[in-house]
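Q: got a predicted structure here, sequence first:
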Amino acid sequence: MSGLAAQLGAAMEAGRLSSRLWLYSNYHCNLACTYCLTESSPTAPPRQLTKDRMVALARQAKGLGFQSIGVTGGEPFLRPDLVSVLTTIATELPLLVLTNGTLFNPRRVAAMQPLLAGPNGVSLQISLDSARAEDNDALRGADNFQRVAEAVPRLLAAGFHVRVAATLDDAHPETDPELQRLLDSWGVAREDQLLRPVVHRGRAVMNTMGVEAGSAQLGAELTLTSAGAFWSPFGPTYREGKLETDLLLVRRTEPLSGVANALMGLLNARPELASDPAGFV
């Protein structure tokens, strides 16, 4: 094991660094949620990481001791090549893919079957903010609730591991009994039902929503985008079309060892930084 890999492993074991590497596959989306960190929308620039780059980063992450890959956006499944990208990455490490859950018609779910055949697990985390369609859709867009209500049971029936995450405008969300009952009825396991607060970044700032969250509140979760490497998946956000750089580590993404060195330097210099990101992702 290299010296860097040993340092990263020690930081992961101590809970100071997430063992998951995050990749922003793209920024465009078929929705334009009121609290979106990245100002994603159908007209947002894609800002994609190429397939080759994502696969190369996953392989480098495995070599450094990272234990899983997270893929987020934008809406990742807008990419025509996404299943191919994910299938290849899943040969390296387990995957968690964040999605709005609106694109999973029967044809697409059938085309995703290769993801179930790989040696590592692939989990899908779908966003749903309320058990009431009118409340959810006010935040996320018309017909969002109905599409998710159709997608979650369909994906579960097809054999996918599904998590559902609700983003609430509450600093300390703990439970939502109505949403819990709904997800129970769909067959989502209790441990896969997640509540998290809106973060006061991106479009949430314009709509005066969310809790403040900088490096002091967000645990270290190395995140890579087409624009560089960030402290957290909440870092590479946009406001009024401009990238926010307060959580930027470096502008490069490769080699991953150089990026990880930069992150370890910050962790070593600031031992007071938060170590538990579980309440946010």
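A: Arrived safely.
Q: quick one: the helices in the protein?
A: In the chain, the helices defined using DSSP state H lie at 3-13, 51-64, 82-89, 106-111, 133-140, 144-157, 177-186, 203-206, 256-269.
Q: buried ones in the second one?
A: Yep, that's helix 51-64 we're talking about. The neighbour-count check on helix 51-64 (16 or more other C-beta atoms under 10 Å) flags Lys51, Arg53, Met54, Val55, Ala56, Leu57, Ala58, Arg59, Gln60, Ala61, Lys62, Leu64 as buried. C-beta coordinates here come from the backbone N, C-alpha and C atoms, glycine included.
Q: quick one: pLDDT of the residue lying closest to the first one once chain neighbours are set aside?
A: Nearest non-adjacent residue to Lys51, counting by C-beta to C-beta, 6 or more residues apart in numbering: Val85, 4.8 Å away. Per-residue confidence (pLDDT) for Val85: 97.
Q: ok, now which ones touch Glu39?
A: Going by C-beta atoms under 8 Å, 6 or more residues apart in numbering, Glu39 touches Gly202, Arg203, Thr237, Tyr238, Arg239, Glu240, Gly241.
Q: phi, psi for the third one please.
A: Which is Thr237. phi -100, psi 160 (degrees, to the nearest 10).
Q: next: the last one.
A: Note on Gly241: backbone dihedrals following degrees, to the nearest 10 are phi 80, psi 0.
Q: hmm, back to that, out of the helices of the chain, nearest to Ala44?
A: Between Ala44 and those, the shortest gap by C-beta to C-beta is with helix 203-206, which sits at 10.8 Å.
Q: what distance do you get for Thr175 to Tyr35?
A: 20 Å (C-beta to C-beta, to the nearest Å).
Q: ah, wrong one, I meant Leu98
A: Counting by C-beta to C-beta, the gap between Leu98 and Tyr35 amounts to 15 Å.
Q: burial of Val211, as a residue count?
A: 17 (other C-beta atoms under 10 Å).
Q: that one touches Arg201, doesn't it?
A: No. Val211 is beyond contact range of Arg201, at 9.9 Å (criterion: C-beta atoms under 8 Å).
Q: picking that back up, just give me the closest of the contacts of Glu39 to Asn26.
A: Closest approach to Asn26 among the contacts of Glu39 (C-beta to C-beta): Tyr238, at 13.1 Å.
Q: pLDDT score for the closest one?
A: 93.
Q: okay, Thr175 and Tyr35: which has more neighbours?
A: More neighbours surround Tyr35 than the other of Thr175 and Tyr35, with 23 against 9 (other C-beta under 10 Å).
Q: which residues touch Ala27?
A: In this structure residue 27 is Tyr, not Ala. Tyr27 touches Thr38, Ser40, Ala44, Pro45, Pro46, Arg47, Gln48, Gly73, Gly74, Tyr238, counting by C-beta under 8 Å, 6+ apart.
Q: at 7 Å instead, please
A: Taking C-beta atoms under 7 Å, 6 or more residues apart in numbering as the criterion, Tyr27 is in contact with Thr38, Ser40, Ala44, Pro45, Pro46, Arg47, Gly73, Gly74.
Q: over to Pro80?
A: Counting by C-beta under 7 Å, 6+ apart, Pro80 has no contacts.
Q: distance check, it against Glu92.
A: According to C-beta to C-beta, Pro80 and Glu92 sit 22 Å apart.
Q: now Ser226
A: Ser226 is 21 Å from Glu92, by C-beta to C-beta.
Q: the two: who's more crowded?
A: Using other C-beta under 10 Å, the more surrounded residue of Ser226 and Glu92 is Glu92, with 21 against 17.
Q: correct me, but that one touches Arg59?
A: Yes. Checked against C-beta atoms under 7 Å, the pair Glu92 and Arg59 is within contact range at 5.6 Å.
Q: mind listing the residues bridging to the most centrally placed residue in the chain?
A: Taking C-alpha atoms, centre = their mean, the centroid of the chain lies closest to Thr72, which sits 4.2 Å from it. Thr72 forms beta bridges with Tyr24, as assigned by DSSP bridges.
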